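>>> predicted model, plus sequence, below.
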Amino acid sequence: MEIYILRHGIAEDPLPGMRDADRALTPEGVKKLQTVLRRAREAEVKPSVIVTSPYRRARQTADVAKEVLRGEGTLVESRSLTPDSSPEAVWDTIREHRSEPQLMLVGHEPLLGSVYAYLLGCPGLDLDVKKASLGRVDADRFGAQPRGVLCWLITPKLAAD
């Protein structure tokens with residue numbers, strides 16, 4: 001399985017009284033996402049399922065991904081991708097979709113950095129997952145502990161023309 005890990009794009013600063021979950025993407029955030037996702041489309045990224053955090057900025061990121069990748073995949077919201085979740089909960093979500101050839105996860109930091117480390121079997125790995133970055137980890141076993149291989153990771157700066 002090809003597991004694509006997409007961090008949400010740049011979001012608006014919270015206003016007084018605003019819940020973190022309600023923050024929306026900024027126009028700049030959408031633009032940077034589109035740049036990364038166009039490169040992904042060139043690499044034939046076509047997830048059949050996109051699992052996203054229910055937070056507004058993540059859901060908007062998943063919508064942009066589906067549009068730019070011209071995907072027909074299903075969008076699924078999962079609390080396992082909220083900022084306070086755990087890599088183990090994300091692994092359980094991945095395992096639920098193990099029959100899919102390509103799966104995309106859309107979420108937040110610091111969770112996604114921990115997910116990379118967990119999938120790669122390196123819990124001490126410290127990874128700075130940039131906003132709107134997209135990475136690919138391949139996994140072929142779905143036991144209790146993952147053993148993935150990092151294939152690539154692209155940031156908006158690297159994707160820019």
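Alright, I've got the coordinates. Residues are numbered from 1 along each chain as shown.
>>> quick one: residues contacting residue 45.
2, 4, 69, 102, 104, 134, 136 (C-beta atoms under 8 Å, 6 or more residues apart in numbering). For every residue, glycine as well, the C-beta is placed using N, CA and C.
>>> scratch that, residue 132
Contacts for residue 132 (C-beta under 8 Å, 6+ apart) come out as 6-10, 29, 32-33, 35-36, 61, 155-156.
>>> now intersect these with the helices, please.
29, 32-33, 35-36, 61, 156 (DSSP state H).
>>> mind putting those residues into JSON lines with pLDDT?
Converted to JSON lines, the ones in helices among the contacts of residue 132 look like this (pLDDT from 0 to 100):
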{"residue": "29", "pLDDT": "97"}
{"residue": "32", "pLDDT": "97"}
{"residue": "33", "pLDDT": "97"}
{"residue": "35", "pLDDT": "97"}
{"residue": "36", "pLDDT": "98"}
{"residue": "61", "pLDDT": "98"}
{"residue": "156", "pLDDT": "95"}
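>>> could I get the residues you listed in TSV, plus columns for neighbour count and distance to residue 145?
Listed next are the ones in helices among the contacts of residue 132 as TSV, based on neighbours: other C-beta atoms under 10 Å; distance: C-beta to C-beta, whole Å:
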residue	neighbour count	distance to residue 145
29	22	34
32	23	34
33	27	32
35	19	35
36	27	30
61	29	28
156	22	32
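>>> distance to residue 42 added to those residues, as a markdown table?
A markdown table is the format used below for the ones in helices among the contacts of residue 132 (distance: C-beta to C-beta, whole Å):
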| residue | distance to residue 42 |
| --- | --- |
| 29 | 21 |
| 32 | 17 |
| 33 | 15 |
| 35 | 12 |
| 36 | 11 |
| 61 | 19 |
| 156 | 15 |
